[in-house]
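[1] Structure for this input, please:
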Amino acid sequence: MLSAWAQNFSQVPGVVIDHLPKSTRNFIGSPSLVILPNGNYIASHDIFGKGPTPQHTHVFESTDRGKSWQKIAELDSLWWASLFINKGALYLFGTTREYGRMSIRRSMDGGRNWSRVDEGILNEEDGYHCASVPVQVFKGRVWKGMERNVPVTSWGNFQSFVASAPVDADLLDPKSWAFTPRLIYNKSAWGPGNAWLEGNVVMNPKGEIWNLLRVNNLEDDQAAMYRVSDDGQTADSSTVTFIKLPGACKKFNIRFDPKTKRYFTFTNYVLPNHRTFRRERARNAQVMLSSPNLETWTIHGIILYHPDIETTGFQYLDWQFDGNDIIVASRTAFDDGMGGADNQHNSNFLTFHRVKNFRTYRTPAEWRPLLEGITDFVVLK
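    Numbers count the residues shown, from 1 in each chain. Predicted coordinates:
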């Protein structure tokens with residue numbers, strides 16, 4: 001298989017970190033991104049599909065602020081993992097496989113060498129699910145949203161919960177972790193959505209811990225959130241609240257900007273001219289949003305777009321603040337000149353992007369007509 005660096009992918013938006021042609025029957029998933037204390041960038045992705053080495057996670061490093069990338073590690077038995085840093089160590093937190101056990105791996109040398117899979121298994125039973133959502137640190141604890149899919153015979157039976165541990169604990173020790181009770185999506189009472197997943201643990205302006213989740217709802221703009229106790233032991237089902245968040249039926253990551261005191265995210269909001277397409281599969285645009293309170297969201301602008309909606313996708317973004325910029329890793333489906341992407345979901349690239357001066361970013365002139373007709377959310381001009 002030819003490497004990404006041996007090919008000319010100048011037509012692909014951003015910087016190509018990795019590439020898998022669809023002929024491999026493997027696809028790129030779960031992008032994650034962190035900035036090391038020394039300023040180097042680390043990105044990761046897993047592999048899904050029917051080809052060889054599925055459920056492996058690949059790790060890449062950039063020493064030039066994202067201009068070029070080198071593969072530095074490959075981990076077996078790790079899927080759906082999030083990169084994060086705690087006490088100077090680099091971690092990946094995910095599952096051992098699709099609907100496997102919760103698993104955490106640690107690197108003490110910036111991502112080249114990692115702890116063994118058996119050193120960080122957090123539970124005994126299978127059925128667990130997550131995504132490369134942010135692993136946050138609030139109130140002296142490390143937090144990540146998780147789910148269990150019961151039964152695993154079909155998609156969508158997600159029971160949402162939050163995993164957390166003290167920041168000073170041994171994060172590879174299962175005894176360090178607390179798990180909230182699992183909450184089941186009430187399909188009969190909470191329609192028109194039918195499942196929730198890929199939760200973001202956030203701290204609201206009042207200092208309360210909440211889990212804010214994607215909702216599988218073909219109307220596209222519904223998210224759910226519920227309160228979590230500060231000690232990570234309980235989740236209050238009576239606090240379940242639904243909010244309007246553009247593009248919330250697909251995965252998103254939320255982080256807080258202390259300078260503006262606003263929460264930022266990127267979503268696959270379906271633009272007006274594409275709304276006849278199945279909205280859960282419309283992934284050809286990425287829109288930057290912000291909110292002062294996690295409940296009212298404003299559209300800042302389109303950061304990625306392509307008119308082809310069948311085989312183009314920019315999805316599952318993970319990102320970090322980098323001074324006045326935001327850096328982004330995208331699971332990207334795009335024409336590679338080698339047969340193209342399998343479809344908009346089955347991505348053939350991991351790409352890197354930079355949103356310069358994000359606080360004042362607005363949609364480029366050529367894409368502004370795409371925002372016409374939006375009436376249910378404020379759009380910044």
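
[2] how many neighbours does the closest residue in space to residue 124 that isn't next to it in sequence have?
    The shortest distance from residue 124 to any non-neighbouring residue, by C-beta to C-beta, 6 or more residues apart in numbering, is to residue 101 (7.1 Å). Quick note: C-beta positions are derived from backbone N, CA and C, even for glycine. Neighbour count of residue 101, defined by other C-beta atoms under 10 Å: 17.

[3] how close does residue 101 get to residue 95?
    Separation of residue 101 from residue 95 (C-beta to C-beta, to the nearest Å): 6 Å.

[4] Mutual contacts of these two, please.
    residue 128 (C-beta atoms under 8 Å, 6 or more residues apart in numbering).

[5] rewinding a little: need the pLDDT of the residue nearest to residue 124.
    Confidence at residue 101, expressed as pLDDT, is 98.

[6] got it, and residue 268?
    Looking at residue 268, the pLDDT reads 98.

[7] re earlier: next, the residue nearest to residue 124: phi, psi?
    phi -100, psi 160 (degrees, to the nearest 10).

[8] ok, it - contacts?
    So residue 101 contacts 95, 121-126, 128 (C-beta under 8 Å, 6+ apart).

[9] Just flag the most distant two among the residues you listed.
    95 and 124 (13.2 Å; C-beta to C-beta).

[10] more neighbours, these two?
    Between residue 95 and residue 124, counted using other C-beta under 10 Å, residue 95 has the larger neighbour count: 25 against 8.

[11] Look up how far residue 243 lies from residue 263.
    With distances taken as C-beta to C-beta, residue 263 is found 12 Å from residue 243.

[12] Give me the common contacts of the two.
    Joint contacts of residue 263 and residue 243 (C-beta under 8 Å, 6+ apart) are residue 294.

[13] neighbour count winner among those two?
    More crowded of residue 263 and residue 243, by other C-beta under 10 Å: residue 263, with 23 against 18.

[14] That one belongs to a helix?
    No. The assignment for residue 263 (DSSP: H, G, I helix; E, B strand; the rest coil) gives strand, which keeps it out of a helix.

[15] in stretch 366-376, what's buried?
    370-371 (16 or more other C-beta atoms under 10 Å).

[16] got the end-to-end distance for that stretch?
    Taking C-alpha to C-alpha, to the nearest Å, stretch 366-376 runs 22 Å from one end to the other.

[17] Tell me who's in contact with residue 133.
    82, 144-145, 198-201, 251, 253.

[18] no wait, residue 85
    Residue 85 sits next to 34, 36-37, 91 when contact means C-beta under 8 Å, 6+ apart.

[19] Report the beta-bridge partner residues of it.
    Legend: beta-bridge partners of residue 85 under DSSP bridges are residue 90.

[20] quick one: it from residue 320, how far?
    In terms of C-beta to C-beta, residue 85 sits 10 Å off from residue 320.

[21] Ok, residue 377 next?
    25 Å.

[22] for residue 273, helix, strand, or coil?
    helix.

[23] Now do the contacts for the nearest residue to it once chain neighbours are set aside.
    Distances taken as C-beta to C-beta, 6+ apart place residue 370 nearest to residue 273, at 6.4 Å, with adjacent residues excluded. Shown in contact with residue 370 (C-beta under 8 Å, 6+ apart): 271-273, 285, 302, 305, 363.

[24] Not counting its own residues, what contacts stretch 198-213?
    130-131, 133-134, 136, 138-139, 143-147, 160, 162, 164, 196-197, 214, 223-230, 235, 251-254, 256, 261, 263, 292-294.

[25] Could you name every residue contacting both of residue 85 and residue 320?
    With C-beta under 8 Å, 6+ apart as the test, residue 85 and residue 320 both reach residue 34.

[26] For the nearest residue to residue 181 once chain neighbours are set aside, report the pLDDT, please.
    Nearest residue to residue 181 in three dimensions, chain neighbours excluded: residue 235, at 5.8 Å (C-beta to C-beta, 6+ apart). On pLDDT, residue 235 comes in at 98.
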